[in-house]
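Q: need a structure here:
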Amino acid sequence: MTGIFRSNNPLNTFLLFVYGILLKFGWLLHHQIPVVHKSDGFLFYQLINSLSPYFNSYPKSYFLIVYLLLFTQAISFNQIIISRRMMQKANYLPAMSYLLITSFFHQWNVLSAPLIINTLLIWIWAKMSNLNLNQHPKSTLFNIGIAIGIAAFFYLPSFAFVILILLSLIITRPIKIAEWLITILGVIIPWYFLASWLFLNNSLYSFSLSGMGVPSITFLSLKSYRSGGVIFIFLLVIIGMSLMRSFMAKQILQVRKNWVLMLVFFIVALGIPFIAMNLDITYWLLALLPASAFIGCAFYYPRFRWIPMVLQWIMVVFVLYMEYFVK
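A: Below is the predicted model of the structure:
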């Protein structure tokens, strides 16, 4: 499959859709009703409450929403990588990688707050990666701030992505305090409107936030996360980074900056669950978008074509094992 998705053939969109269905078919067979965790935001809680009367009687119906989100995220993120010319040639390997690694665990195939936030993060990344060419950066930064503020309604620790935006400004643009303040103002605006609405409805003091806290040390054990799969993802990310760096000298400055932003994206997303009340593997889904970009490099750049083919089939075997043999 890595050979098929190395090209930029429009037919690959359909093939990728079928590939993802086949990969995730095992999760469809025993799909679960979404669970609202204590660290989830109030908007996600409201969303699940509104869907449950229609979907809970047939839990597999949730899979349609989940798969459409995952597939559209894979295609959209892949198109941004293509449009920014971040790899030597246009291909569908990052999209394939995203569908592949999100198939590792059932928690990444259930409707969750991080899954919804990933759609917002793709839009944010698209704006950030083209920020230096933007003729109206202040309005774009304001809109990005609003998107982060809304993401925090689904999962409060998403506020930490403000760090990603501020670092992207440092990397891509001359430092201007006004742009920083506009970004922060954008983050605050959704919360201002929320507070105003609660005040007008006389429910301001009864409203409570969840999602922040110190994680229990018991959650830090990789054993509970199916350590083999997690370690393999990290290994592929490191391989992809190493291969990408070997070709980075041939790329233009803006492409190199975008890869630095991708690395920052990955690090921030990895750190976010540590400020939540638990370290459930569900929340590591936020890091899988940038991880898929680096893993796409691990599939694209090796000289010997059999290497990515073997890596991909090892991952497929692991997915099948997790889907059909692990209870």
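
Q: tally of neighbours for Asn9?
A: 14 (other C-beta atoms under 10 Å). Where C-beta positions appear, they are placed from N, C-alpha and C, glycine not excepted.

Q: over to Asn130?
A: 16.

Q: quick one, what contacts it?
A: Arg84 (C-beta atoms under 8 Å, 6 or more residues apart in numbering).

Q: next, it: phi, psi?
A: Note on Asn130: backbone dihedrals following degrees, to the nearest 10 are phi -120, psi 20.

Q: how near is it to Ser83?
A: 9 Å (C-beta to C-beta, to the nearest Å).

Q: same thing with Ser246?
A: Counting by C-beta to C-beta, the gap from Ser246 to Ser83 is 23 Å.

Q: Phe154 too?
A: Taken as C-beta to C-beta, the span from Phe154 to Ser83 is 27 Å.

Q: look at these two and report which has more neighbours.
A: Neighbour totals were compared for Phe154 and Ser83, and Phe154 leads with 23 against 12 (other C-beta under 10 Å).

Q: look up phi and psi at the more buried one.
A: Torsion angles, degrees, to the nearest 10, at Phe154: phi -90, psi -30.

Q: can you check the one 10 residues further on too?
A: Listed backbone geometry of Leu164 is phi -60, psi -40, with angles given as degrees, to the nearest 10.

Q: so what's the residue count around it?
A: 22.

Q: can we start the residue count at 4 from this point?
A: All set: I'll call the first residue 4, so the last point we hit is now Leu167.

Q: chain center to the strand or helix carrying Ala129, what's the gap?
A: When elements are assigned from DSSP states H and E, Ala129 belongs to helix 116-131. Offset of helix 116-131 from its chain centre (C-alpha atoms, centre = their mean, to the nearest Å): 7 Å.

Q: which strands and helices lie in contact with it?
A: helix 45-58, helix 64-86, helix 140-157, helix 164-175, helix 256-274, helix 291-303 (3 or more C-beta pairs under 8 Å, 6 or more residues apart in numbering; DSSP states H and E).

Q: angle of the last one against helix 64-86?
A: Just to be clear, that refers to helix 291-303. 60 degrees (axes from the mean of the first three to the mean of the last three C-alpha atoms, to 10 degrees).

Q: following element in sequence after helix 291-303, please.
A: helix 309-327.

Q: what does that following helix contact?
A: Taking C-beta under 8 Å, 6+ apart as the rule, helix 309-327 contacts 4-6, 26, 28-30, 32, 103-104, 106-109, 229, 231-232, 235, 239, 301-303, 305.

Q: per-residue confidence at Ala155?
A: Here the pLDDT value assigned to Ala155 is 90.

Q: give me every residue that touches it.
A: Gly44, Ser161, Phe162, Val190, Pro193, Trp194.

Q: could you list the low-pLDDT ranges of this structure?
A: 4, 207-229, 279-281, 330 (pLDDT under 70).

Q: which one in it is furthest away from the centre?
A: Asn205 (36.2 Å; C-alpha atoms, centre = their mean).

Q: how near is that one to Tyr195?
A: Distance from Asn205 to Tyr195, by C-beta to C-beta: 18 Å.

Q: now do Leu71
A: To Tyr195, Leu71 is 32 Å away according to C-beta to C-beta.

Q: before we move on, back to that, of the contacts of helix 309-327, buried ones?
A: When neighbours are counted using 16 or more other C-beta atoms under 10 Å, these contain these buried positions: 4-5, 26, 29-30, 103-104, 106-109, 229, 232, 235, 239, 301-303, 305.

Q: let's see which of the residues you listed end up in helices.
A: Leu26, Gly29, Trp30, Leu103, Ile104, Gly232, Phe235, Leu239, Ala301, Phe302, Tyr303 (DSSP state H).

Q: between the residues you listed, which is closest to Lys260?
A: Tyr303 (20.0 Å; C-beta to C-beta).

Q: residues near the residue nearest to the closest one when sequence neighbours are not counted, how many?
A: Excluding the flanking residues, the one nearest Tyr303 by C-beta to C-beta, 6 or more residues apart in numbering is Leu96, at 5.2 Å. As a burial measure, Leu96 scores 30 neighbours (other C-beta under 10 Å).

Q: shouldn't Leu96 be in contact with Gly299?
A: Yes. Between Leu96 and Gly299 there is a contact under C-beta atoms under 8 Å: 4.0 Å.

Q: surely Lys130 and Asn146 touch.
A: Yes. Lys130 is within contact range of Asn146, at 7.3 Å (criterion: C-beta under 8 Å).

Q: those two - which one has more neighbours?
A: Set Lys130 next to Asn146 and count neighbours by other C-beta under 10 Å: Lys130 wins out with 18 against 15.

Q: any figure for the gap between the more buried one and Ile24?
A: 31 Å.

Q: quick one: secondary structure of the residue farthest from the centre of the chain?
A: coil (DSSP: H, G, I helix; E, B strand; the rest coil).

Q: phi first, then psi, for it.
A: phi 60, psi 40.

Q: list the contacts for Thr16?
A: With C-beta under 8 Å, 6+ apart, Thr16 has these contacts: Ile78, Tyr95.
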